[in-house]
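Student: Let me see the structure of the following:
(one chain, ligands or ions: 1)
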Amino acid sequence: MADQNELYQQVILEHNKKPRNFSVLEEASHYALGKNPLCGDQFAVYLKLNEDNGTIEEIRFQGSGCAISKASASLMTVNLKGKSEEEARLMKDEFQKMVTGQLDPDTEPHHLGRLSIFQGVKQYPVRVKCASLAWHTLEAALNKEQEAVSTES
Ligand code: ZN
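Tutor: Next up is the predicted model:
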């Protein structure tokens, strides 16, 4: 567990300092804005789905927030590129279950890969919304929701 925590800290620091895919995507086919008023995190997620097979061709995010919310969004974009919409939705559900303690990535099957480092978040209930904000926003983008999504709604 010590190693896991260390890895978690490292990844958060690294992705917070150098977030991946951190820019506006002008040619986005899907877009949503997500807010976590409890912490002040606010991010937009941009997607471009492939017109032929529906896979996520490009995914980017933009905004501001705490280290956990930013690192989570960054790692999400890295892991979702090339995935199908169905896979993305499945990963969103699994991530949400993991950070709320309903899925143990060490003993149960999942598709989260490296995202499983966020399992430690479940020990900090106020941080769960920071970690899952990007995923809620992703889902809203896939659903083409017009209103900004909030973790408090
Ligand atoms: Zn936060």
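
Student: and the protein, which of its residues are near the ion?
Tutor: C39, D41, C66, S69, C130 (Cβ under 5 Å from the ion). Where you see a C-beta, it was placed from the backbone N, CA and C, and this is true even at glycine.

Student: Quick check: phi and psi at the last one.
Tutor: Think C130. Backbone torsions of C130, given as degrees, to the nearest 10, read phi -60, psi -50.

Student: can you count the residues close to it?
Tutor: 26 (other Cβ atoms under 10 Å).

Student: for the second one, same thing?
Tutor: Neighbourhood size, D41 [other Cβ under 10 Å]: 25.

Student: Excluding chain neighbours, what is closest to it?
Tutor: Setting aside the residues directly before and after it, D41 is nearest to G65 in space (Cβ to Cβ, 6 or more residues apart in numbering), at 3.1 Å.

Student: The spatially closest residue to L112 that is not a sequence neighbour sits in which helix or strand?
Tutor: Closest residue to L112 apart from its sequence neighbours, by Cβ to Cβ, 6+ apart: E94 at 5.5 Å. E94 belongs to helix 85-99 when assigned by DSSP states H and E.

Student: Touching, S74 and Q62? I think so.
Tutor: No. Contact criterion Cβ atoms under 8 Å: S74 and Q62 do not qualify, at 11.4 Å.

Student: Could you tell me how far the residue lying farthest from the centre of the chain is located from the ion?
Tutor: Most distant from the centre of the chain: D52, at 24.8 Å, with distances by Cα atoms, centre = their mean. Separation of D52 from the ion (Cβ to the ion, to the nearest Å) stands at 37 Å.

Student: Three-state assignment for that residue, please.
Tutor: Secondary structure, DSSP: H, G, I helix; E, B strand; the rest coil: D52 is coil.

Student: backbone phi and psi for it, please?
Tutor: Here D52 shows phi and psi, under degrees, to the nearest 10, equal to phi -90, psi -50.

Student: and A131, backbone torsions?
Tutor: Taking degrees, to the nearest 10 as the convention, A131 sits at phi -70, psi -30.

Student: what residues does the helix or strand bottoming out on mean pLDDT in the chain touch?
Tutor: In the chain, no helix or strand scores lower on mean pLDDT, DSSP states H and E than helix 2-17, which sits at a mean of 87. Contact with helix 2-17 is made by A67, I68, K70, A71, S74, L75, R114, I117, F118, Q119, G120, as judged by Cβ atoms under 8 Å, 6 or more residues apart in numbering.
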